[in-house]
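Q: one predicted model, sequence on top.
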Amino acid sequence: MNAVRLRPVLAAALLTLTLGACSSGHTAPAVGSSASAVSGNRITIKDFQFQPGALTVHPGESITVANQDATAHTVTADDKSFDTKTIAPGASATFTAPAKPGTYPYICTIHQYMHGSLTVS
Ligand SMILES: [Cu+2]
């Protein structure tokens, strides 16, 4: 019981320390900084569209696909060189870009009118 009660106090103390350190040093703490800057290889599926519709990456890079629709989708290369398989609504998947440079058209196998293209260079 004591441990449970101590936690908020500790957290508050730590927060105070952190805020104090920040205000004396940096004027702008890293609020809102996002990890997306680390890797821009991202395809978002929304409203039955791949965004961006054309993406260029380096050979072997990993690409994250975020499905923001309320229905399942896939990212499947026409030549099957990559395939996320089914991505559930709200879920994400990652696939690896082909090692061979070129342009790889892909579709969603569930909705085959959905088209995108991945260029490896
Ligand atoms: Cu789909």
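A: Structure's in. What do you need?

Q: residue numbers of this protein in contact with the ion?
A: 73, 108, 110, 111 (C-beta under 5 Å from the ion). Bear in mind the C-beta positions are built from the backbone N, C-alpha and C, glycine included.

Q: those residues into TSV, with extra columns for distance to residue 91?
A: Conversion of the residues of the chain next to the ion to TSV gives the following (distance: C-beta to C-beta, whole Å):
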residue	distance to residue 91
73	10
108	14
110	14
111	16
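
Q: just the buried ones from those residues?
A: Applying a neighbour-count criterion of 16 or more other C-beta atoms under 10 Å, the buried members of those are 73, 108.

Q: list the buried residues in the helix or strand containing residue 56.
A: Per DSSP states H and E, residue 56 falls inside strand 54-57. With burial defined by 16+ other C-beta under 10 Å, the residues of strand 54-57 counted as buried are 55, 57.

Q: so which elements touch that strand?
A: Using 3 or more C-beta pairs under 8 Å, 6 or more residues apart in numbering; DSSP states H and E as the contact criterion, the secondary-structure elements in contact with strand 54-57 are strand 115-120.

Q: tell me the helix or strand right after the strand holding residue 56.
A: The C-terminal neighbour of strand 54-57 among helices and strands, as given by DSSP H and E, is strand 62-67.

Q: list phi and psi for the closest residue in space to residue 99 that isn't next to it in sequence.
A: Setting aside the residues directly before and after it, residue 99 is nearest to residue 59 in space (C-beta to C-beta, 6 or more residues apart in numbering), at 4.7 Å. When read as degrees, to the nearest 10, the backbone of residue 59 gives phi -50, psi 130.
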